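1. Sharing a model prediction with you, sequence too.
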Amino acid sequence: MITMAERQQEVDRQKVTDAKTSVETTIQKPPVDTNPRVSTQQALIALGALFTFGDDLKRVLAQTLKIPHPKDEEAVQKLDHSRLGCTRPVDVFDERSAADHSSGILSYNESIIAKRNLASEDLLTRFLNKLTLNQTFSKSPVLIGQEISSDWLTKSYLGPVVYKRYTETPPVITIEPVKFFEAEQEVGGKSLFSGIYYHDTNHIAISKGLNTASDADKYRLIVHEELHYAAFLGSKLQIHFISSDGELVSSAMPSLLHEGLTELHAQELTRGHRGMVPDKVDYPPETVCAAYLQSIVGADVLREAYFSGDFTEVSRIFDEKFGKGSFQQFLVVFSEDSTKGSVFLEKLFNKAGVDTADIEKNPIVVGARKHMPG
């Protein structure tokens, strides 16, 4: 008899196969014009649709509309595109106000669930909530977060601009019951997780269920969320770069690419500072993709791009290796489907004759591969 797990693995394998087939011919084509000019009429239509259809269309438009780069050399020199995304949190919390923020989120989510007639919990959920509420951490996530902030996310690692903002408004961590995250999952449609950073704030929520994780995974998850916050301060989670055609391309950072880069850095920090090896690699295909990207452009270049949002140097090195417009084409494919984007990147490596043996020996990549369909 085929189990549910085996059936899901077969579905995952088919998805990878379909992605490979779809990408096979795409990579042979010359780069498409991914920076079309937008007329006034088209812009007005887009704005009208934006207010009509809401958040889903906002994400699509943010990923597809481009800002033309000024051709005047003097204007180019004056444009500090490396700081386009820099921001500060709209809401800055202390421990008490962050706890109030969590209470408000939970109350809101529970009210939505109640309206859907989904407020009742089964016996297993009640048992798990009671169990995790009574658990205590050997070391509080708050103390772990403080250690990470002071010892790991240093000025040399974050860069002076992000470091200044990070230390002026440091992250505040609250510890929430499992039901808090279950409610977030039910209302937000996200998979169950153990930590979340709330954009436009300095608030990070960590699940009490994380207590059952290994010490390495506790550090990994908490630094993952703190990296999200640091990247928000530096880039506002936007990506921009000067293309090989001299255009300033600007869009929202593809969320799963951001997750892959975040997990790669979180894994490196955890293994490097504590010598601990996490049991898990979250976002495995995206983390492998980030490792491949890092192998071409270098760790320092990729980290600076991650925190600033300025991927100009990443784009330049990438295009030199794989051909003009390749980085922009990769972003377009990845934005549509991260699985296809990962396959697309590996195809580029193979076509260019890049040896990937050392990348595949990277312990982080090895760990990620274990959680990916064969």
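-> Yep, it's here.
2. low pLDDT regions in this structure?
-> Across the chain, the stretches falling below the confidence threshold (pLDDT under 70) are 1-87, 116-136, 190-192, 374.
3. residues of the helix or strand encompassing Gly341 that come out buried?
-> Assigned by DSSP states H and E, Gly341 falls within helix 338-351. By neighbour count on 16 or more other CB atoms under 10 Å, the buried set for helix 338-351 is 338-349. (Glycine included, C-beta is placed from N, CA and C.)
4. and what of stretch 324-331?
-> With burial defined by 16+ other CB under 10 Å, the residues of stretch 324-331 counted as buried are 325-331.
5. Could you check how far Tyr157 is from Val301?
-> As judged by CB to CB, to the nearest Å, Tyr157 and Val301 stand 14 Å apart.
6. Looking at the two, which has the bigger crowd around it?
-> A count of neighbours by other CB atoms under 10 Å puts Val301 above the other of Tyr157 and Val301, at 17 against 14.
7. Could you pull out the buried residues of stretch 171-191?
-> For stretch 171-191, the neighbour count (16+ other CB under 10 Å) marks 171-184, 186-187 as buried.
8. buried stuff in the helix or strand where Ala99 lies?
-> Per DSSP H and E: Ala99 is located in helix 95-115. Buried residues in helix 95-115, counted by 16+ other CB under 10 Å: 98-99, 101-102, 105-106, 109-110, 113.
9. So which elements touch that helix?
-> Contact partners of helix 95-115 among helices and strands, from 3 or more CB pairs under 8 Å, 6 or more residues apart in numbering; DSSP states H and E: strand 172-176, helix 178-188, strand 203-207.
10. Ser244: neighbouring residues, count only.
-> Here the number of neighbours of Ser244 (other CB under 10 Å) works out to 18.
11. Verify the stated contact: it with Phe322.
-> No - here Ser244 lies out of contact with Phe322, judged by CB atoms under 8 Å, at a distance of 11.4 Å.
12. Might one say that Asp151 is in contact with His273?
-> Yes - using CB under 8 Å, Asp151 is in contact with His273, at 6.9 Å.
13. gap between the two ends of stretch 239-251?
-> For stretch 239-251, the first and last residues are 6 Å from each other (CA to CA, to the nearest Å).
14. Equivalent analysis for stretch 203-222, please.
-> Length of stretch 203-222, first residue to last, CA to CA: 12 Å.
15. OK, contacts around the closest residue to Ala98 other than its chain neighbours?
-> When the adjacent residues along the chain are set aside, Ala98 lies closest to Val172, with 4.4 Å between them (CB to CB, 6 or more residues apart in numbering). The contact partners of Val172, taken as CB atoms under 8 Å, 6 or more residues apart in numbering, are 93-95, 98, 202-204.
16. closest to Asp217 among those residues?
-> Of all those, the one sitting nearest Asp217 is Ile204; the distance, using CB to CB, is 15.9 Å.
17. List the beta-bridge partners for the closest one.
-> Each beta-bridge partner of Ile204 is listed here: Ile173, Tyr197, as defined by DSSP bridges.
18. right, and it touches Glu226 too?
-> Yes - counting by CB under 8 Å, Ile204 touches Glu226, with 6.8 Å between them.
19. which neighbours do the two share?
-> Where contact means CB under 8 Å, 6+ apart, the residues bridging Ile204 and Glu226 through contact with each are 145, 171, 197.
20. how many neighbours does the first one have?
-> Meaning Gly145. Here the neighbour count serves as a burial measure; for Gly145 (other CB under 10 Å) it reads 21.
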